[in-house]
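Q: Have a look; sequence and predicted model below, questions after that.
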Amino acid sequence: MAGAQLTRLPELLLEPGRVGELEVRGTTAAVLVALFVRDGALHAVFTERQRELSRHAGEISFPGGRRDPEDADLLATALRETHEEIGLASGEVTVLGALQPTSTIATGYAIYPFVGLIAEAQVWRPSRREVSQVLELELASVAGGYARRQLRRRGVPIRTDTYSVDGHVIWGATARILGDLLDRLALTPQARATV
């Protein structure tokens with residue numbers, strides 16, 4: 001199953017070299033959606049951010065961050081930031097394409113997601129300053145944890161798309177990026193529950 005998904009995935013993704021032409025408002029940032037196959041199932045790599053961070057503290061996200069002036073392009077940003085955050089070297093990533101960029105509502109980032117294939121059984125070296133833990137989540141299980149939920153953000157109730165798996169709740173820009181990927185992989189649940 002995962003092999004067939006990966007074979008056709010590049011044709012379903014955006015051209016990585018052209019995704020920067022899509023304009024999104026905000027401070028430019030890029031993330032890597034790193035995929036791998038374990039036991040015949042497709043998995044993705046996420047990080048849980050440190051709770052002491054000033055932005056997006058404790059949230060589940062894809063590794064990545066703000067573009068630096070030295071970065072050749074947005075893909076370079078995603079690969080550099082991923083290496084800094086979890087120790088994954090750019091040479092270990094086969095870039096498959098990109099997903100639709102999205103913005104963060106509260107913090108004003110324009111996030112450009114790139115999708116890459118990595119080998120199973122990586123040894124993660126999370127940045128103690130930024131990353132609480134690295135999560136390897138099976139995408140079918142993540143898709144099955146979809147619900148539209150009410151969350152509190154800075155004391156304000158919001159109703160938003162979420163994915164809950166293994167006690168972790170994915171929401172916000174990460175959930176939108178994830179939803180785009182799941183749609184392209186035809187892993188979107190037929191009936192979306194509301195909690």
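A: Noted; the coordinates are in hand.
Q: mind listing the strands for this structure?
A: Taking DSSP state E, the strands of the chain run over residues 27-38, 41-49, 60-61, 64-66, 94-98, 102-103, 109-117, 131-138, 146-153, 156-165, 168-170, 193-194.
Q: Confidence-wise, which of those is weakest overall?
A: If you rank the strands of the chain by mean pLDDT, strand 193-194 sits at the bottom with a mean of 38.
Q: ok, back up a step: mean neighbour count, the strands of the chain: which tops it?
A: strand 109-117 (a mean of 25; mean count of other Cβ atoms under 10 Å). (Each C-beta comes from the backbone N, C-alpha and C, glycine too.)
Q: Give me the residue at the spatial middle of this protein.
A: The centroid of the chain falls nearest to residue 62 when counting by Cα atoms, centre = their mean (3.4 Å).
Q: where's that residue relative to residue 137, distance?
A: As judged by Cβ to Cβ, to the nearest Å, residue 62 and residue 137 stand 11 Å apart.
Q: Between these two, which contacts overlap?
A: 44, 46 (Cβ atoms under 8 Å, 6 or more residues apart in numbering).
Q: on that earlier part again, measure the nearest residue to the residue nearest to the centre of the chain once chain neighbours are set aside to residue 3 for me?
A: Counting by Cβ to Cβ, 6 or more residues apart in numbering, residue 31 is the residue found nearest to residue 62 once chain neighbours are left out, at 3.9 Å. Note on residue 31: its distance to residue 3, by Cβ to Cβ, is 25 Å.
Q: so who does residue 137 touch?
A: By Cβ under 8 Å, 6+ apart, the neighbours of residue 137 are 43, 44, 46, 165, 166, 168.
Q: Show me which of those is closest to residue 145.
A: Closest to residue 145 out of the contacts of residue 137 is residue 165 (4.4 Å), distances taken as Cβ to Cβ.
Q: unless I'm mixing things up, the closest one is touching residue 143, no?
A: No. Contact criterion Cβ atoms under 8 Å: residue 165 and residue 143 do not qualify, at 9.1 Å.
Q: pretty sure the residue nearest to the centre of the chain contacts residue 177?
A: Yes. Using Cβ under 8 Å, residue 62 is in contact with residue 177, at 6.6 Å.
Q: which neighbours do the two share?
A: Listed as contacting both residue 62 and residue 177 by Cβ under 8 Å, 6+ apart are 31, 33, 113.
Q: With distance to residue 130 as new columns, can these be given to me in CSV?
A: Listed next are these as CSV, based on distance: Cβ to Cβ, whole Å:
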residue, distance to residue 130
31, 13
33, 18
113, 18
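Q: and of the residues you listed, the nearest to residue 15?
A: Of all the shared contacts of residue 62 and residue 177, residue 15 sits closest to residue 113, with 13.5 Å by Cβ to Cβ.
Q: Can you tell me how far the closest residue to the closest one other than its chain neighbours is from residue 48?
A: Once flanking residues are discounted, residue 113 sits nearest to residue 99: 4.3 Å by Cβ to Cβ, 6+ apart. As judged by Cβ to Cβ, residue 99 and residue 48 stand 21 Å apart.
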